[in-house]
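>>> Fold the following for me, if possible:
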Amino acid sequence: MEIFEFKCNGIKKLFIGGLHGNEGKFTEIVLKDFINLLKEDDYTGNIVVIPKLVENSRYISTLSEKYYETDEGKALINIIENYKPNVYFELHAYKKENYKKENESKKTEGIAKKGREEGEGKKGKGKAEGEAEGLITGDYLILIKKILESNFELPVYLKDKKGLSATVEIKIGAGGKIVSYKFLKKSENGDFNRAVEKCLKISSPLPVDKEGRVVVEFKAEGIKSVK
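Below you'll find the predicted structure:
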């Protein structure tokens, strides 16, 4: 795995390709051309480029939690934890027939979403627009969950207490920064709550390129859900 870094002040951007299957042989060409362009232009921004994460692997969608149980999924999480990018880009390669299916799926999803927003707009336009702006979905939620899981460390004496839990609403600002958070439900154990707060502090900024809110349920076993 080759890593190309352009170090400078400013927002850190991570570009990565070849995350599964054999798509790396295609993403490597595109991202290395991108690197050459940056060099030719004497680019001075803050960018990390990984043209190919894996040479060849079994295809599992990066939208599936099972992906992050694989070696390549764990490697991806380690890279994100190491560089802590403010903006994150994935480059994928599709066969023509699969690309068409993907676009049709997104088109259908977009039409359905627009219909929901217009329906809510009839009830209250301002509310519908506000909710759409703060929507964080898909692979962002999976990445947020993995980052929080890696930083959530409980005192040893609490790890076997399965009844402990806390629910927190997190407000995410520009560059993935955790602007604020509030407990929707606190644990009865103060050390558990302090472990939650410590996790949130060291997890900022999150790998999200949009502002919004998420609700996270912490349990003694780990992060139960992010939505």
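
>>> Could you pull out the helices in the chain for me?
Using DSSP state H, the helices found in the chain span residues 24-40, 71-83, 96-133, 139-151, 190-203.

>>> Distance check, the nearest residue to Gly21 once chain neighbours are set aside against His92.
Among residues not flanking Gly21 along the chain, Tyr59 sits closest, at 4.1 Å (C-beta to C-beta, 6 or more residues apart in numbering). C-beta here means a position set from N, CA and C on the backbone, and glycine is covered the same way. According to C-beta to C-beta, to the nearest Å, Tyr59 stands 11 Å off from His92.

>>> follow-up on the earlier one: how many neighbours does the residue nearest to Gly21 have?
For Tyr59, the neighbour count with other C-beta atoms under 10 Å is 10.

>>> do the same with Ser150
17.

>>> and if you look at Asp160?
10.

>>> That one and Glu221 touch, don't they?
No - at 9.7 Å, Asp160 does not count as touching Glu221 under the criterion of C-beta atoms under 8 Å.

>>> ok, now which ones touch the closest residue to Gly163 other than its chain neighbours?
Closest residue in space to Gly163, ignoring its immediate chain neighbours: Ala220 at 7.5 Å, by C-beta to C-beta, 6+ apart. With contact set as C-beta atoms under 8 Å, 6 or more residues apart in numbering, Ala220 has these partners: Leu154, Leu158, Lys159, Asp160, Lys161, Lys162, Gly163, Leu164, Ser165, Phe192.

>>> what about 10 Å?
152, 154, 158-165, 187, 189, 192, 195 (C-beta atoms under 10 Å, 6 or more residues apart in numbering).

>>> Just flag the most distant two among the residues you listed.
The largest separation in the contacts of Ala220, counting by C-beta to C-beta, is between Phe152 and Gly163 at 16.7 Å.

>>> need the least confident one among the helices of the chain, by mean pLDDT.
Among the helices of the chain, helix 96-133 has the lowest mean pLDDT, at a mean of 49.

>>> can you redo the contacts of Ala220 as a markdown table with distance to Leu76?
Below are these laid out as a markdown table (distance: C-beta to C-beta, whole Å):
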| residue | distance to Leu76 |
| --- | --- |
| Phe152 | 19 |
| Leu154 | 25 |
| Leu158 | 29 |
| Lys159 | 26 |
| Asp160 | 30 |
| Lys161 | 31 |
| Lys162 | 29 |
| Gly163 | 33 |
| Leu164 | 30 |
| Ser165 | 28 |
| Ser187 | 31 |
| Asn189 | 33 |
| Phe192 | 29 |
| Ala195 | 25 |
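
>>> Closest to Lys39 out of those?
Looking across the contacts of Ala220 and measuring by C-beta to C-beta, the closest to Lys39 is Phe152, at 39.7 Å.

>>> That closest one and Lys201 touch, don't they?
No - using C-beta atoms under 10 Å, Phe152 makes no contact with Lys201, being 11.6 Å away.

>>> between these two, which one's more packed in?
Phe152 (20 against 11).

>>> ok, how many other residues are close to the closest residue to that one other than its chain neighbours?
Leaving aside its chain neighbours, Phe152 sits nearest to Cys199 (4.4 Å; criterion: C-beta to C-beta, 6+ apart). When neighbours are counted by other C-beta under 10 Å, Cys199 registers 21.

>>> May I have the residues that are in contact with Cys199?
By C-beta under 10 Å, 6+ apart, Cys199 lies in contact with Ile147, Leu148, Glu149, Ser150, Asn151, Phe152, Glu153, Leu154, Val168, Val216, Phe218, Ile223.
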